[in-house]
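**Q** Here you go, sequence then predicted model.
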Amino acid sequence: MPHLLRRPLLPLVALALVLAACSGSDSGGASSSDGSSGTSTTTAPASTTAAPAATTTTVPTGVAAGAVAPGKAVRSSGCDTADGAKLSLAKQPIGDGRFYLISTPGGDGDTPRPLVLDLHGLLEGAQIHSQMSGFGPYSQEHGFVAVFPHGSGKPVKWDVGLDRKANPDLVYLDAVLDEVEARHCIDTSRVYATGLSYGAIMSSTLACVMGDRIAAIAPVAGLTVPEGCKPSRPIPVLTFHGTADPILLFNGGVANLSGLLGGSDEKTEPPKADLNGKGYPAAAAAWAKLDGCTGEPTDQDLTASVIQRTWECPADSPVEFDIEVGAGHSWPGSEFSKGIANIVGPTDDTIDGTDFIWKFFQRFQLPAT
């Protein structure tokens, strides 16, 4: 499929270094910073230009058609031995020099908890990304486990190749899930993946090759349909992208960041977004096709500045593309993201992305085997 990943990394590495300076002491001791990633492009459907005309229906946050109530939990091996301790972004070494962060809500150790994998962007790292999304404290408040894997290489990133046995990052993520499920009481039918930028691309990869473990995905600013993606089953998808993303452009490609990173006061405005054009609108349409959705998409007002795009999909595998009108390369509602607006552009504050993603995830679990 022509939804190719293009990775001109050098300007994005430079961006990440700027973000490292912006994060300062708030990084929790992390030595790496926020970054971005490659992007996806697709063949374009017929286009119309994107002035965000208001539509007639407002959809309440966290509600969409075809909701599926979770069934019986599938208990992991850790349910027999877990002590139920509360962990707050605890660093857990795994394998040869790798680690992940984990937050748990605490409890009796015998209640199976859902698990959310939250994947960082290029050079961002697990510690800083945990501040970006806020899934650590949010998971403790809402009774699930949040895991922040840390990528590989320098700069830290993800290998987004589709070979599950040969890709070391996929091997690592399988090992992380194995370990967490053995140490904690996890509902293995309710494991989900989200991420920002390069982490969004990696969560897309997980949907392609780990449909046996991942119940649903929610990529933020970087949904991709990699060439050769063949999910083992239809995967529920929620994705966000800002029309004014100055880094991964809404209609595909990576921006020229030389003015931004060179300290110039003159900022290049992103091109006017075509809501029905190539790039991320086409990537969402491609996922809808993979999931068996039909017909033309329907746009509704989710908030005053977010357009919810959906298709006629099977109830257990919807695709939802939330278009953030005027937003940049940011996590919806993130205070951390707002603090680096000079780099990533505006953050939409009409929606709490973390809360919205969790409400979406709660509707789905792996099919019974």
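**A** Structure's in. What do you need?
**Q** Just grab the bridge partners of Asp187 for me.
**A** Residues in a beta bridge with Asp187, per DSSP bridges, are Arg75.
**Q** how near is the nearest residue to Arg190 once chain neighbours are set aside to Val171?
**A** Nearest residue to Arg190, sequence neighbours excluded (CB to CB, 6 or more residues apart in numbering): Pro114, at 3.9 Å. No exception for glycine: its C-beta is placed from N, CA and C like everyone else's. Distance of Pro114 to Val171, computed by CB to CB, to the nearest Å: 23 Å.
**Q** More neighbours: those two, which one.
**A** Neighbours per residue (other CB atoms under 10 Å) separate Pro114 from Val171, with Pro114 holding more: 24 against 15.
**Q** ok, now which ones touch the residue nearest to Arg190?
**A** 144-145, 186-187, 190-192, 361-362 (CB atoms under 8 Å, 6 or more residues apart in numbering).
**Q** Could you rerun that using 6 Å?
**A** 144, 187, 190 (CB atoms under 6 Å, 6 or more residues apart in numbering).
**Q** any idea which of the residues you listed is closest to Ser330?
**A** Closest approach between the contacts of Pro114 and Ser330, by CB to CB: Phe144, at 23.6 Å.
**Q** for the stretch 101-250 of the chain, what spans make up the strands?
**A** In the stretch 101-250 of the chain, the strands defined using DSSP state E, counting those that start in this stretch lie at 113-119, 145-149, 186-196, 216-220, 237-242.
**Q** could I get the ones you listed as JSON lines with mean pLDDT?
**A** As requested, these are exported to JSON lines (pLDDT from 0 to 100):
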{"stretch": "strand 113-119", "mean pLDDT": "99"}
{"stretch": "strand 145-149", "mean pLDDT": "99"}
{"stretch": "strand 186-196", "mean pLDDT": "98"}
{"stretch": "strand 216-220", "mean pLDDT": "99"}
{"stretch": "strand 237-242", "mean pLDDT": "99"}
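**Q** In the stretch 201-350 of the chain, where is pLDDT below threshold?
**A** 256-267 (pLDDT under 70).
**Q** That one: helices as residue ranges?
**A** Assigned by DSSP state H, counting those that start in this stretch, the stretch 201-350 of the chain shows helices spanning 258-261, 280-290, 335-338, 341-344.
**Q** Next, find the distance separating the residue nearest to Arg190 from Val176.
**A** From Pro114 over to Val176 (counting by CB to CB), the distance is 16 Å.
**Q** Then Gly161?
**A** Taking CB to CB, one finds Gly161 at 18 Å from Val176.
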